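Novice: here is my input; please provide its structure:
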Amino acid sequence: MLTTVCAVAPAASAGAAVAAPQIGGGSVTTYDVVDKSVTHNYVDKSHVIGGCPASNAKQTCTVSKGKSMTRTVGVALGASRSDVTASLEISNSTEVNSSTSCSIVVAAGHSAKAYAGGDRYRYHVRANTFSSATGKTTHRVNTSWSYAFNPKANLVSCWDA
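Specialist: Numbers count the residues shown, from 1 in each chain. Take a look at the predicted model:
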């Protein structure tokens with residue numbers, strides 16, 4: 001799926017923060033993402049949000065709601081986090097609190113871990129530079145994949161670790 005966003009900085013209103021495009025040498029650069037794909041209901045096992053061990057006997061481990069889950073966003077080519085989240089159409093906030101709990105029966109000597117679930121994005125960051133001298137726009141695309149993880153408050157997954 002190809003997403004293209006052209007950004008023009010609107011006039012700032014009272015209390016509103018507006019990110020200005022980078023301007024230098026008669027050029028304006030905006031950023032977007034291209035070659036975007038998304039995996040829904042992805043379990044992010046790189047960030048444990050809770051867990052518990054089973055000591056001497058099999059037991060149920062419950063991870064309660066209200067755990068903090070981190071929204072991660074990969075940037076490149078000078079794009080800011082807010083440039084990328086706007087293009088992905090996700091919140092720029094760095095954290096989400098879980099609104100649900102999970103439980104799992106854990107064997108003696110094992111432990112349970114809870115992970116955030118959500119949407120995982122894969123994309124390339126693109127810089128679009130308009131030159132007022134030539135009247136042309138040049139595009140630079142980051143050759144490495146960037147990733148973002150957008151946790152869903154109601155998606156927490158418990159696993160026997």
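
Novice: next helix or strand past the helix or strand bottoming out on mean pLDDT in the chain?
Specialist: The helix or strand of the chain with the poorest confidence is strand 22-23; it has a mean of 49 (mean pLDDT, DSSP states H and E). Where DSSP states H and E defines the elements, the next helix or strand beyond strand 22-23 is strand 27-53.

Novice: could you point out which element follows that following strand?
Specialist: strand 59-63.

Novice: please state the offset of whichever helix or strand comes after that following strand from the chain centre?
Specialist: Next along the chain after strand 59-63, taking DSSP H and E as the criterion, comes strand 68-70. With CA atoms, centre = their mean, to the nearest Å as the basis, strand 68-70 stands 11 Å off its chain's centre.

Novice: which positions within strand 68-70 qualify as buried?
Specialist: Within strand 68-70, the residues that count as buried by 16 or more other CB atoms under 10 Å are Met69. For the C-beta atoms, the positions are set from N, CA and C on the backbone; glycine is no exception.

Novice: next: stretch 38-53.
Specialist: Applying 16+ other CB under 10 Å to stretch 38-53 flags 42, 44, 49-52 as buried.

Novice: export those to TSV and tack on pLDDT?
Specialist: Compiled in TSV, the buried residues of stretch 38-53 are given as follows (pLDDT from 0 to 100):
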residue	pLDDT
Tyr42	97
Asp44	95
Ile49	93
Gly50	92
Gly51	90
Cys52	88
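
Novice: same list, these, but as CSV with distance to Leu155 please.
Specialist: CSV is the format used below for those (distance: CB to CB, whole Å):
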residue, distance to Leu155
Tyr42, 9
Asp44, 10
Ile49, 11
Gly50, 14
Gly51, 17
Cys52, 20
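
Novice: which of these lies closest to Ala114?
Specialist: Each of the buried residues of stretch 38-53 was scored against Ala114 by CB to CB, and Gly50 proved nearest at 4.2 Å.

Novice: confirm for me that that closest one is in contact with Met69.
Specialist: No: using CB atoms under 8 Å, Gly50 is not in contact with Met69; the gap is 10.2 Å.

Novice: would you list the phi and psi of Phe83?
Specialist: In this structure residue 83 is Asp, not Phe. phi -60, psi -50 (degrees, to the nearest 10).
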